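A.B. asks: Predicted model follows, preceded by the sequence.
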Amino acid sequence: MPPSILKIALDVPLDRLFDYLNGDHLSENRHVQIGQRVLVPFGNRNQIGIVMAIADSSDVPLEKLKPIAQAFTAETPLDAEMLALIKFSADYYQYPFGQALLSALPARLRQIAPAVSRKQYCYHLTDAGIAADVEQIPKKQKVLRNVLATLQTAKQLTEAELDEISGTARKAVKALVDLGFAASEQVLALQRVMVTTPSEAPQLNDEQAHAVQTIMAQPHIFNAWLLNGITGSGKTEVYIRLMQQVLQQPDAQILVLVPEINLTPQLEARFRSRLPSFPLVSLHSNLSESERLHHWQLAQSGVAKIIIGTRLSIFTPLPNLKLLIIDEEHDSSYKQQDSMRYHARDVAMVRAKRLNIPVVLGSATPALETWYNATVNPNQASRYGLLRLKQRAVTAAQLPQIDCIDTTKVNLQHGLTPQLITALKLRLQRKEQSLLFINRRGYSPVLLCAACHWIAPCSRCSSRLVVHLGQRKLRCHHCGHEQRIPQQCPSCGDADLHPTGHGTQRLEQTLAQLLPTARIARVDRDSVSRKDALVDILDKVHRQEIDILVGTQMLAKGHDFPNLTLVGVIDTDSALHSPDFRASERLFAQLMQVAGRAGRADKAGQVIIQTQFPEHALFNALRVQDYESYADVLLHEREQMQFPPYVFTALLRAEANDYSLVQQFLQLAFAHARSLSEQVLVYDPVRPQMERLKGMERGYLLLQAKQRPALQQVLKQLVTLMRANKLANKVRWAVDVNPLEF
């Protein structure tokens, strides 16, 4: 009998599988399955791989094949559904399959060691135990009687649950095992989280009830639903009601995607409170490696019923997935910006369709691609159902009043208008809270020389250094380069250097001077770098220990502050002049989100936006919170200009230390792409707005087509041709399908 050949995916930049001998002489290798994790020799080192196929023959002579070094057969293999989803994603996003597959796994599964996770024993009754009469056990053995009675009711008990019965309950259950009344098995340990105050279910309004009823009318069929609800309209309550119904199905699992880590704790707490009997885990980068592995295994085993996670969670193996929810679906955080540049929302649609389950996309300001699919798309097979929530869930809560202050007609005091300062003082008197939003961390955007107008540049990027006054440093927010603030201008020697513009740190300092009694907290990447720092600040907000929050977009999404009645928005105008055609869409979504933090309870909210262009169409739509009209205007512009979603695009990105290499590479790609198809429009290679990043010179090649298959066909051929060329080894390059940033 010929030895079996294992075809294995490895984390290497080659789009192929590698053949190895099974190594049947090792007893543990006899049960290797597809999806199994294995250790193989590759070059001069060992590497982790995943078995993708088992064959009887190979294109490589048998004597040249190496046997695998180890098979981790004690671990559950990856299921076929997950392998197929990652294969589809790797093909669609033009990325080597092995690298895509391994990067989707927790870090512990990419390491050369068995994946050890926390385990515990679980006990259940045998037939004899089920038939046993508790009264036959002597009354003095109270704990033994109690454990048997509890097992007959609960069917099974973990060690943690036994400890809650009695300190000697584990000893008692072992006595039941000795009697033949019970048996044990080792299972993954599930952390028990006690919910101290289970919250009551609020009354659904008619819109919410209609949304739940419509989605659950066909719970076993793929349908994509856009839940378009204004901020504070109770989208999360709709999610919970859907989850309650879906979880009535045996062993059902639900995946909830959130755009950023800071939204996870709030959702997690709310789900635990309302769905306390269903095991819940979270998956995000703030977890330790062991925590992430443990949560991932709980999801893979089917023990965890509710999984909340950021974009990578879309590749989590879930054997009984019955519902997919994508919260804040418009958020650009769902798009991976390096390695395999996938969009979690789009991958989620593919996964839901393959599993034939519903998928719900929630947003107050849907991405234009989503809005197009829900309102315009002529292809009925690709249309989304549209469900609207137009009123706030709390009956007394009204939409905030939005005022745009013309900064050209007033005297600013440290960057703040008199109207905003007055509004802040009024909230302090009322003991209400305020939020000032400025999407720029640091003290000041630039350090300027008054004499020669020199501005501190980054030596590694085509950008300027940001002043961080507290650390007495200049820092690049793109590459992380730091240097001390100079005493005099490096260009002319003048000592008159001063920070220009505002960042979160400077705004915090300004508020402390203007409002000395106010308790102020700053929320940006600098202030919440410590684990749980954001959770601590949000807890203080809810305990009324903070009067004014100063923050970036981290505060714009999802948070619910009942006593926050004022939102001030500083410096938004730069987005109105951006060369990126998506800039106005992003700004509108950002401002709608941050405005939605005000007046969510029974107190009236106000939003003050400082701008030089108060009559801009974007602000006119924002004042009446009319997303639909503005979205339709933007879609009309996109159709005229032939921008997405009316066309499909891909960027070939290239970078190197020497720009001439980038030019040669992109010119070659340009010539190849032009020759492959007349259905795909190929633009001349260009340099991006930031020509140099992290010391690398950059260039782009844009491809555009009216049909997705035509673009995919050209990309597949183009990538194959470019990989075969020697120039590909001299530049760092990648394909970005459906890019969000040009």
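C.D. replies: Cool, got the structure. Bear in mind that the values here come from a model prediction, so they are computed numbers and not experimental data. Residues are numbered from 1 along each chain as shown.
A.B. asks: where does this protein have low pLDDT?
C.D. replies: Low-confidence segments of the chain, defined by pLDDT under 70: 1-3, 24-30, 116-120, 186-199, 393-397, 439-444, 501-503, 525-532, 554-560, 599-602.
A.B. asks: Domain map for it?
C.D. replies: Structurally, the chain divides into domains by automatic domain parsing as follows: 5-110, 119-188, 206-373, 401-444+501-637, 648-737.
A.B. asks: Please state the offset of the first one from the chain centre?
C.D. replies: So the one you mean is domain 5-110. Centroid separation for domain 5-110 versus its chain: 27 Å, with C-alpha atoms, centre = their mean, to the nearest Å.
A.B. asks: same thing with the fourth one?
C.D. replies: Offset of domain 401-444+501-637 from its chain centre (C-alpha atoms, centre = their mean): 23 Å.
A.B. asks: Over to the shortest one?
C.D. replies: Domain 119-188 has its average C-alpha position 42 Å from the chain's average C-alpha position, going by C-alpha atoms, centre = their mean.
A.B. asks: how many other residues sit next to Gly605?
C.D. replies: 23 (other C-beta atoms under 10 Å). All C-beta atoms are positioned from the backbone trio N, CA, C, and that covers glycine.
A.B. asks: hmm, back to that, tell me which of the domains of the chain approaches Cys458 most closely.
C.D. replies: domain 648-737 (8.7 Å; C-beta to C-beta).
A.B. asks: Quote the end-to-end distance of the closest one.
C.D. replies: 8 Å (C-alpha to C-alpha, to the nearest Å).
A.B. asks: how about the strands in the stretch 1-150 of the chain?
C.D. replies: 5-10, 18-21, 37-42, 45-55, 70-71, 119-125 (DSSP state E, counting those that start in this stretch).
A.B. asks: will you turn the ones you listed into JSON lines that also has distance to Ile438 and mean neighbour count?
C.D. replies: What follows is the strands of the stretch 1-150 of the chain, written out as JSON lines (distance: least, C-beta to C-beta, whole Å; neighbours: other C-beta atoms under 10 Å):
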{"stretch": "strand 5-10", "distance to Ile438": "45", "mean neighbour count": "22"}
{"stretch": "strand 18-21", "distance to Ile438": "51", "mean neighbour count": "20"}
{"stretch": "strand 37-42", "distance to Ile438": "46", "mean neighbour count": "19"}
{"stretch": "strand 45-55", "distance to Ile438": "44", "mean neighbour count": "18"}
{"stretch": "strand 70-71", "distance to Ile438": "53", "mean neighbour count": "20"}
{"stretch": "strand 119-125", "distance to Ile438": "48", "mean neighbour count": "18"}
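A.B. asks: follow-up on the earlier one: find the one among the domains of the chain with the highest mean neighbour count.
C.D. replies: domain 206-373 (a mean of 20; mean count of other C-beta atoms under 10 Å).
A.B. asks: residue contacts, Ala90?
C.D. replies: When contacts are counted by C-beta atoms under 8 Å, 6 or more residues apart in numbering, Ala90 touches Asp15, Pro96, Phe97, Gln99, Ala100, Leu101, Met340.
A.B. asks: try 10 Å this time
C.D. replies: Shown in contact with Ala90 (C-beta atoms under 10 Å, 6 or more residues apart in numbering): Ala9, Asp15, Pro96, Phe97, Gly98, Gln99, Ala100, Leu101, Ala104, Met340, Tyr342.
A.B. asks: Which ones among those residues lie within helices?
C.D. replies: Within these, residues falling in helices by DSSP state H are Phe97, Gly98, Gln99, Ala100, Leu101.
A.B. asks: contacting residues for the fourth one?
C.D. replies: If I follow you right, that is Ala100. The contact partners of Ala100, taken as C-beta under 10 Å, 6+ apart, are 9, 11, 15, 86-91, 93, 315, 339-340, 342.
A.B. asks: quick one: the strands in the stretch 151-300 of the chain?
C.D. replies: In the stretch 151-300 of the chain, the strands defined using DSSP E, counting those that start in this stretch lie at 156-158, 182-188, 224-229, 253-257, 280-283.
A.B. asks: What is the shortest one packed up against?
C.D. replies: Put plainly, it is strand 156-158. strand 119-125, helix 142-154, helix 159-165, helix 169-179, strand 182-188 (3 or more C-beta pairs under 10 Å, 6 or more residues apart in numbering; DSSP states H and E).
A.B. asks: hang on, the earlier thing: just the closest of the ones in helices among the contacts of Ala90 to Lys425, please.
C.D. replies: Ala100 (54.3 Å).
A.B. asks: one step back: which one of the contacts of Ala100 is nearest Phe72?
C.D. replies: Distance to Phe72, by C-beta to C-beta, is smallest for Ala9 among the contacts of Ala100, at 14.8 Å.
A.B. asks: Please name the nearest non-neighbouring residue to the closest one.
C.D. replies: Gly98 (4.0 Å; C-beta to C-beta, 6 or more residues apart in numbering).
A.B. asks: Check whether that neighbour really touches Val40, as I assumed.
C.D. replies: No. If you go by C-beta atoms under 10 Å, Gly98 and Val40 don't touch, sitting 11.6 Å apart.
A.B. asks: what's the overlap in contacts for the two?
C.D. replies: Ile8, Leu10, Phe18, Gln47, Gly49.
A.B. asks: Was I right to think the fourth one contacts Lys66?
C.D. replies: Spelled out, it's Gln47. No. In this structure Gln47 lies outside contact range of Lys66 using C-beta under 10 Å: 11.7 Å.
A.B. asks: any residues in contact with both of these two?
C.D. replies: The contact lists of Gln47 and Lys66 share Phe18, Val40, Pro41, where a contact means C-beta under 10 Å, 6+ apart.
A.B. asks: mind putting those residues in TSV, distance to Ser166 included?
C.D. replies: Shown next, in TSV, are these (distance: C-beta to C-beta, whole Å):
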residue	distance to Ser166
Phe18	55
Val40	50
Pro41	53
